[in-house]
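Novice: quick one: sequence and predicted model below, then my questions.
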Amino acid sequence: MKQVFTAYNLSDAYLVKSLLDAEGIESVVRNESFLMEQATSDGLPGVWILDDSQYEKAASIASSYVEGGSQAEKEGASWRCAKCGEMLESQFTTCWQCGADRPEGK
Ligand SMILES: [Zn+2]
């Protein structure tokens, strides 16, 4: 068992699990009970895979979710267009100014 994703809420955790399911990677969500017990407990919910040999694939799925998903929006991370230099809000995946795609890994 390896943890591939730490979520800040359960819906994030289950979304990542469903992405892994779609790729045929078996996973479980752990530390689900923290919401009901104590808000500041030691465990945020996480997604763990059952087969460690799939870790690399699972981790890349999880990180692409983080980049394209709710966490980036929560942090309000903006990005700069590589083509024209326009600053764009995190919810845009293409530059409204020149139409260039958001660069990978940002
Ligand atoms: Zn641009």
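Specialist: Yep, that arrived.

Novice: domain ranges for the protein, per the record?
Specialist: Annotated domains of the chain cover 2-75, 78-106 [automatic domain parsing].

Novice: please state the offset of the first one from the chain centre?
Specialist: What that stands for is domain 2-75. 8 Å (Cα atoms, centre = their mean, to the nearest Å).

Novice: pLDDT averaged over that domain - what is it?
Specialist: Averaging pLDDT along domain 2-75 gives 80.

Novice: kindly report the same for the shortest one.
Specialist: Domain 78-106 shows a mean pLDDT of 86 in the predicted model.

Novice: which parts of that domain are buried?
Specialist: With burial defined by 16 or more other Cβ atoms under 10 Å, the residues of domain 78-106 counted as buried are 79, 81, 88, 90, 95, 102. Just so you know, the C-beta spots here come from the backbone N, C-alpha and C atoms, and that holds for glycine as well.

Novice: state the helix or strand in which the spatially most central residue of the chain lies.
Specialist: The centroid of the chain falls nearest to residue 66 when counting by Cα atoms, centre = their mean (2.3 Å). Per DSSP states H and E, residue 66 falls inside helix 55-68.

Novice: who touches that helix?
Specialist: 2, 4-5, 15-16, 19-20, 23, 25, 27, 47, 49, 72, 93, 105-106 (Cβ atoms under 8 Å, 6 or more residues apart in numbering).
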